[in-house]
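Q: fold the following.
(4 chains)
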2 protein chains.
Amino acid sequence: MSISSRFSVGIHILALIEINKNGTSTSEFLAGSVNTNPAVIRKIIGMLKGAGLVKVQPGIAGAELAKNLSDITLFDVYKAVNVVQEKELFSVHDNPNPDCPVGRNIQAAIVPVFEAAQKALEKSLGNVSVENVVDDIIKKENIS
Amino acid sequence: MSISSRFSVGIHILALIEINKNGTSTSEFLAGSVNTNPAVIRKIIGMLKGAGLVKVQPGIAGAELAKNLSDITLFDVYKAVNVVQEKELFSVHDNPNPDCPVGRNIQAAIVPVFEAAQKALEKSLGNVSVENVVDDIIKKENIS
DNA sequence: TTACATGTAACTATCATAGTTACAACTAGA
DNA sequence: TCTAGTTGTAACTATGATAGTTACATGTAA
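A: Numbers count the residues shown, from 1 in each chain, chains lettered A, B, ... in the order given. Just a heads-up that it's a prediction; the model follows:
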């Protein structure tokens, strides 16, 4: 199991729009950097747009940021690209046997623990902004 | 995306072996409570055995705990049933364009953040033992 | 009107999951 | 020793998500 790379691609897109802010970030341009198909990029950009993170218009070339990057956390991107449903990072087997004490209580016993773990993950993602990622990229770029 | 229910089934199995400790926990018995196929249970028990959590022998009916339940955390079970590879909860798109500053640095910039988030998740699972889950089941059972 | 971009649908290939069946290997007891 | 019952595993199927591809309708601006 692995969380979809839509998430990392989403971050890549936002970072590149910022770094290319003096140019025009078309889906083809972005696809060239991510190394995938422009249609894939457009699908993800559509999700970012739906979450209010970018601005795009049909017929007009280029995507722009809709917010300051310091106000976009990785958690925002994660939610935007819909890689994990709320409270559903862990799946629980359904229809356990209600005639067994464990079967009839296991879900209620486990779900809160799973939710806490998911929350811990998401909180961690919320501590990092896309701006932090961009700064890191710039730093690495200047060093090498 | 969702983490395999092997995890919740693994917890279910351990809890039921404990609660049924005066009886014999065959794969068929366990399958009846989980509500699945005995072969599925045997496969998962094999993983739990590989991690040193249970004792089972070919030809001999019943699985037993190999450790005190208070010494088995949910993180131990999670590792045992192999639902998430180390450092690979998040997948990162590969082959980004090395001719682009973002393309050539995005992986190095993102991976540590992803690893930290995964660690936060796993730490949270490490705070709960299977015994805690069993206690919760017993408590719920007595109340209702 | 033309050239070019976005938005989206339809389709494919690939992979993991979960379940199913079948059977070899093994144990204990009659 | 034979038999019944159990574990361990392999092979197969169905399902669903992912990621990519192609194609085209829609929209904009020069």
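
Q: show me where chain A has strands.
A: A:54-57, A:60-65 (DSSP state E).

Q: identify each buried residue in the shortest one, please.
A: Within strand A:54-57, the residues that qualify as buried are A:Val54, A:Val56, counting by 16 or more other CB atoms under 10 Å in any protein chain shown. Just so you know, the C-beta spots here come from the backbone N, C-alpha and C atoms, and that holds for glycine as well.

Q: same question for stretch A:121-137.
A: A:121-122, A:124-125, A:128-134, A:136-137.

Q: got it, and stretch A:72-91?
A: Here stretch A:72-91 shows A:72-84, A:89-91 as buried, counting by 16+ other CB under 10 Å.

Q: contacting residues for A:Ile138?
A: Applying CB atoms under 8 Å, 6 or more residues apart in numbering or on different chains, we find A:Ile138 in contact with A:Ile19, B:Pro101.

Q: where is the longest helix in chain A?
A: Identified as the longest helix of chain A according to DSSP state H is helix A:101-126.

Q: thinking again about what came up before, as JSON lines, the buried residues of stretch A:121-137 with distance to chain B and pLDDT would be great.
A: Below are the buried residues of stretch A:121-137 laid out as JSON lines (distance: CB to the nearest CB, whole Å; pLDDT from 0 to 100):
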{"residue": "A:Leu121", "distance to chain B": "4", "pLDDT": "97"}
{"residue": "A:Glu122", "distance to chain B": "8", "pLDDT": "97"}
{"residue": "A:Ser124", "distance to chain B": "4", "pLDDT": "98"}
{"residue": "A:Leu125", "distance to chain B": "5", "pLDDT": "98"}
{"residue": "A:Val128", "distance to chain B": "5", "pLDDT": "98"}
{"residue": "A:Ser129", "distance to chain B": "10", "pLDDT": "98"}
{"residue": "A:Val130", "distance to chain B": "10", "pLDDT": "98"}
{"residue": "A:Glu131", "distance to chain B": "12", "pLDDT": "98"}
{"residue": "A:Asn132", "distance to chain B": "8", "pLDDT": "98"}
{"residue": "A:Val133", "distance to chain B": "5", "pLDDT": "98"}
{"residue": "A:Val134", "distance to chain B": "8", "pLDDT": "98"}
{"residue": "A:Asp136", "distance to chain B": "4", "pLDDT": "98"}
{"residue": "A:Ile137", "distance to chain B": "4", "pLDDT": "97"}
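
Q: ok, the residue minimising distance to the centre of chain A to B:Leu89 distance?
A: Of all residues in chain A, the one closest to the mean position by CA atoms, centre = their mean is A:Tyr78, 2.6 Å from it. Per CB to CB, to the nearest Å, A:Tyr78 is found 12 Å from B:Leu89.

Q: ok, A:Leu53 next?
A: For A:Leu53 relative to B:Leu89 (CB to CB), the value is 23 Å.

Q: hmm, A:Thr36 is touching B:His93, no?
A: Yes: here A:Thr36 reaches B:His93: they are 7.0 Å apart, a contact under CB atoms under 8 Å.

Q: which neighbours do the two have in common?
A: A:Val9.

Q: the more surrounded of the two?
A: Neighbour totals were compared for A:Thr36 and B:His93, and B:His93 leads with 21 against 18 (other CB atoms under 10 Å in any protein chain shown).

Q: need the contact list for the residue nearest to the centre of chain A.
A: Neighbours of A:Tyr78 in contact, by CB under 8 Å, 6+ apart: A:Phe7, A:Val84, A:Glu122, A:Leu125.

Q: if you set the cut-off to 10 Å instead, what comes out?
A: A:Ile3, A:Arg6, A:Phe7, A:Gly10, A:Ile11, A:Val84, A:Leu121, A:Glu122, A:Leu125, A:Gly126, B:Phe90, B:Ala117 (CB atoms under 10 Å, 6 or more residues apart in numbering or on different chains).

Q: which one of the buried residues of stretch A:121-137 is nearest A:Arg104?
A: A:Leu121 (28.7 Å; CB to CB).

Q: so what's the most far-flung residue of chain A relative to its centre up against?
A: Centroid-distance maximum for chain A: A:Asp99 at 41.2 Å, with CA atoms, centre = their mean. Neighbour list for A:Asp99: B:Gly32, B:Ser33 [criterion: CB under 10 Å, 6+ apart].

Q: go on, A:Glu141?
A: A:Ile19, B:Pro101, B:Val102, B:Arg104, B:Asn105.

Q: in these, find the pair that's most separated.
A: A:Ile19 and B:Arg104 (11.9 Å).

Q: that'll do, ta.
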